[in-house]
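# Generate a structure from the sequence data that follows.
(one chain, ligands or ions: 1)
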Amino acid sequence: MKKIVVLTGAGVSQESGIRTFRDSDGLWEEYRIEDVATYEAWENDPQLVLEFYNQRRKQLLEAKPNLAHYALVELEKKYDVQIITQNVDDLHERAGSKKVLHLHGELKKSRSSIDDSIIYPIDGWELKLGDLCEKGSQLRPHIVWFGEAVPLIELAARLTEQADIFIVIGTSLNVYPAAGLVHYIKPVIKKYLIDPNDCKTDGIENLTFIKEKAGVGVPALVDQLLKEKE
Ligand code: OAD
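I've put the predicted structure just below:
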């Protein structure tokens with residue numbers, strides 16, 4: 001089976017009602033990264049950081065996968081599909097995708113602040129000061145903050161190298177090391193980029209830019225790729 005690797009960003013969940021980060025109504029217009037998404041922020045004002053992620057989690061519980069998430073599940077009928085997502089939502093899993101690697105962590109999980117290997121599911125939307133791990137330390141959101149290492153990046157790079165087809169959906173490719181994954185794609189393979197806004201694509205070989213929202217562009221591309229296998 002041919003292997004398709006799909007790199008997704010906030011844009012794939014936009015039509016599910018989840019805000020992106022860098023668009024005009026994006027989250028980073030309303031909040032400063034330094035205040036809510038760094039280890040220093042957590043040390044300075046853990047309550048504010050918890051509130052920020054509690055709000056995100058509350059919204060996620062009300063959101064549903066959209067046509068793009070579901071189309072990627074269809075692709076599994078004829079391809080070995082590996083999703084690498086920068087998103088902390090679980091909409092790919094809820095749609096039914098089998099292989100999803102979360103580069104930046106998962107909103108519905110908490111982690112010990114003294115032992116990275118202790119990870120728990122969060123029941124409901126709220127993580128509070130005073131919620132402790134089994135070793136007695138405060139639980140933090142299971143999120144990779146700016147300035148922190150991205151533990152799964154090596155694995156993501158190896159998976160990217162194995163791709164026979166590569167699809168990028170709804171990411172501004174502004175955040176490293178995730179954005180650097182594109183350098184691991186074999187130059188000869190077909191690449192597709194789906195985003196409603198202009199993207200820098202010069203110099204990339206064998207690239208088809210589909211300038212559409214994910215909810216339109218992904219189902220159309222999936223149809224095409226499934227037909228190519230008939
Ligand atoms: P950005 O907000 O930087 O980029 C969102 C991309 O989605 C842009 O290129 C938009 O044009 C595009 N977009 C908007 N609506 C879309 C739609 N309906 N369909 C398809 N594309 C659409 O989000 P990311 O690139 O995901 O990290 O951001 C990367 C990381 O920065 C995030 O994982 C997060 C953030 O800070 C952390 O919090 C660690």
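# So which residues of the protein form strands?
Ranges of strands in the chain, per DSSP state E, are 3-8, 80-85, 100-102, 105-112, 119-121, 139-143, 165-169, 190-194, 207-210.
# Save those strands as a markdown table, and put in mean pLDDT too.
What follows is the strands of the chain, written out as a markdown table (pLDDT from 0 to 100):
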| stretch | mean pLDDT |
| --- | --- |
| strand 3-8 | 98 |
| strand 80-85 | 98 |
| strand 100-102 | 98 |
| strand 105-112 | 98 |
| strand 119-121 | 98 |
| strand 139-143 | 98 |
| strand 165-169 | 98 |
| strand 190-194 | 97 |
| strand 207-210 | 96 |
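# Just send those strands back as a markdown table, with distance to L127 and mean neighbour count too.
(C-beta placed from N, C-alpha, C; glycine too.) Converted to a markdown table, the strands of the chain look like this (distance: least, Cβ to Cβ, whole Å; neighbours: other Cβ atoms under 10 Å):
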| stretch | distance to L127 | mean neighbour count |
| --- | --- | --- |
| strand 3-8 | 25 | 24 |
| strand 80-85 | 21 | 23 |
| strand 100-102 | 17 | 20 |
| strand 105-112 | 5 | 21 |
| strand 119-121 | 10 | 13 |
| strand 139-143 | 6 | 22 |
| strand 165-169 | 29 | 24 |
| strand 190-194 | 33 | 21 |
| strand 207-210 | 38 | 16 |
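# Columns distance to the ligand on top of those strands, output as CSV?
Formatted as CSV, the strands of the chain follow (distance: least, Cβ to the nearest ligand atom, whole Å):
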stretch, distance to the ligand
strand 3-8, 8
strand 80-85, 8
strand 100-102, 10
strand 105-112, 8
strand 119-121, 17
strand 139-143, 7
strand 165-169, 6
strand 190-194, 6
strand 207-210, 10
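# residues near the residue nearest to F52 when sequence neighbours are not counted, how many?
Among residues not flanking F52 along the chain, V36 sits closest, at 4.1 Å (Cβ to Cβ, 6 or more residues apart in numbering). Neighbours of V36 under the rule other Cβ atoms under 10 Å: 23.
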